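Colleague: My questions are about this predicted structure, shown below with the sequence.
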Amino acid sequence: MALFTATNQKTTNNAEGMFFILGAIALYAVVDALVKWLDGRYAPFEIIFFRSLFAFIPLAFMIVRNGGLSSLKTRHSTFHVVRGLLGFLAMASFFIALPRMALADAIGITYAAPLFITMFSYPLLKERVGPRRWAAIVIGLIGIALIFRPGTGLFEWISLGPLVSAFAYALTMILVRKHGRRESATAMSFYFTAVTLITSGLTLPFVWVAPEGGDLLVLALIGGFAGFASISMTHAFRVAQPSVLAPFEYIGIVFAIAIGYSVWSEVPDLWMIGGIVIIISSGIFIIIREAKGRFILPQIDQ
């Protein structure tokens, strides 16, 4: 998901931005599907390692295009480290749950992130949150409750993974709101990927399983596609109006349902669909309200 990063482009091309954001969303859906395809054969930490490692291939082109090593200058190393660790937590909790959940279910729950971002913006950023956005948050939480439905089989610890992921992701976006305007998109992508690579690499002695057969190719595709999706997302928000693009991110659920049905014959039930619709509607409302008061800040690395 990509929310909340300011852009300063001089020209606007919404059609081009829509094309690139749809491409990025499709690639992210494929990345999630490939992680699920691995079916838990590798620890989430090992998957994050390969995702980060191979993401450096497209990222290298981004660095060269945007000024080389000079584009990586930063005075806020602590910001990058904390943000990378939170991103690592977001990916790990999501990847733990993904093989054990329907693709659309897992992705749909992560759409709670805008609700958490708005909730955190008041105590952490001292931003005013009006009654309409608080109402949207409450309605969105009702949507989450519909998805989990305490007392049913879905209400298990593993299904909390995507919710923890959305929670951690929201915290990374709060950091981006507070410090991201001082850093280049290239620097934020590079340091985020570097931190997740190093952090996951430290766990490898404890979880390493040598990739078998075509699994190494799958792991490479996960990283490569994620890297290209990041670049495509960044370009989209540079050439188009963020308030126009942000709602398009929810189209990811369409890709997830299509892939889940065609590959695993997964069909979301009516409770799941109803909960996702409520969460997405609340999220879009919050995005529209955000757009009236400030730039929407797109995430560029997840």
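Modeller: Sure, I can see it. Residues are numbered from 1 along each chain as shown.
Colleague: in which helix or strand would I find residue 166?
Modeller: helix 161-179 (DSSP states H and E).
Colleague: if you average pLDDT over the next helix or strand after that helix, what comes out?
Modeller: As assigned by DSSP H and E, the chain's next helix or strand after helix 161-179 is helix 185-207. On average, the pLDDT along helix 185-207 is 92.
Colleague: same question, stretch 85-104
Modeller: Stretch 85-104 comes out at a mean pLDDT of 92.
Colleague: on that earlier part again, now the helix holding residue 166: buried residues?
Modeller: Neighbour counts over helix 161-179 (16 or more other CB atoms under 10 Å) mark 161-177, 179 as buried. In this view, the C-beta of every residue, glycine as well, is placed from N, C-alpha and C.
Colleague: For residue 30, the count of nearby residues, please.
Modeller: 18 (other CB atoms under 10 Å).
Colleague: do residue 58 as well
Modeller: 19.
Colleague: Let me know the helix or strand that it is in.
Modeller: Using DSSP H and E, residue 58 sits within helix 44-65.
Colleague: for residue 142, same thing?
Modeller: If you go by DSSP H and E, residue 142 is part of helix 131-148.
Colleague: So which elements touch that helix?
Modeller: With contacts defined as 3 or more CB pairs under 8 Å, 6 or more residues apart in numbering; DSSP states H and E, the packing partners of helix 131-148 are helix 103-110, helix 113-125, helix 270-293.
Colleague: So what touches the shortest one?
Modeller: Contacts made with helix 103-110 from outside it, assessed by CB atoms under 8 Å, 6 or more residues apart in numbering, are listed as 1, 29, 32-33, 36, 94, 97-98, 144, 147, 154, 159, 161-163, 165-166, 169, 252-253, 256-257, 259-260, 264, 266, 268, 272, 275-276, 279.
Colleague: before we move on, the earlier item: mind listing what's buried in the helix holding residue 58?
Modeller: Per 16+ other CB under 10 Å, helix 44-65 contains these buried residues: 44-56, 58-59, 62-63.
Colleague: which residues of the stretch 101-250 of the chain score low on pLDDT?
Modeller: By pLDDT under 70, the low-scoring segments of the stretch 101-250 of the chain are 149-156, 180, 242-243.
Colleague: Could you pull up the residues touching residue 267?
Modeller: Residue 267 neighbours (CB under 8 Å, 6+ apart): residue 261.
Colleague: For it, give its distance to residue 30.
Modeller: 20 Å (CB to CB, to the nearest Å).
Colleague: Please apply the same query to residue 146.
Modeller: Taking CB to CB, one finds residue 146 at 28 Å from residue 30.
Colleague: Also residue 216?
Modeller: For residue 216 relative to residue 30 (CB to CB), the value is 17 Å.
Colleague: just residue 161 next, same as before
Modeller: Look at residue 161 and residue 30: by CB to CB, they are 20 Å apart.
Colleague: picking that back up, just the buried ones out of the contacts of helix 103-110, please.
Modeller: Applying 16+ other CB under 10 Å to the contacts of helix 103-110 flags 1, 29, 32-33, 36, 94, 97-98, 144, 147, 154, 159, 161-163, 165-166, 169, 252-253, 256-257, 259-260, 266, 268, 272, 275-276, 279 as buried.
Colleague: ok so, going back, what is the rounded mean pLDDT of the helix holding residue 58?
Modeller: 92.
Colleague: Which positions within the helix or strand just after that helix qualify as buried?
Modeller: As assigned by DSSP H and E, the chain's next helix or strand after helix 44-65 is helix 77-97. Across helix 77-97, burial judged by 16+ other CB under 10 Å covers 79-97.
Colleague: From the chain's centroid, how far away is helix 77-97?
Modeller: Counting by CA atoms, centre = their mean, to the nearest Å, helix 77-97 is centred 11 Å from the centre of its parent chain.
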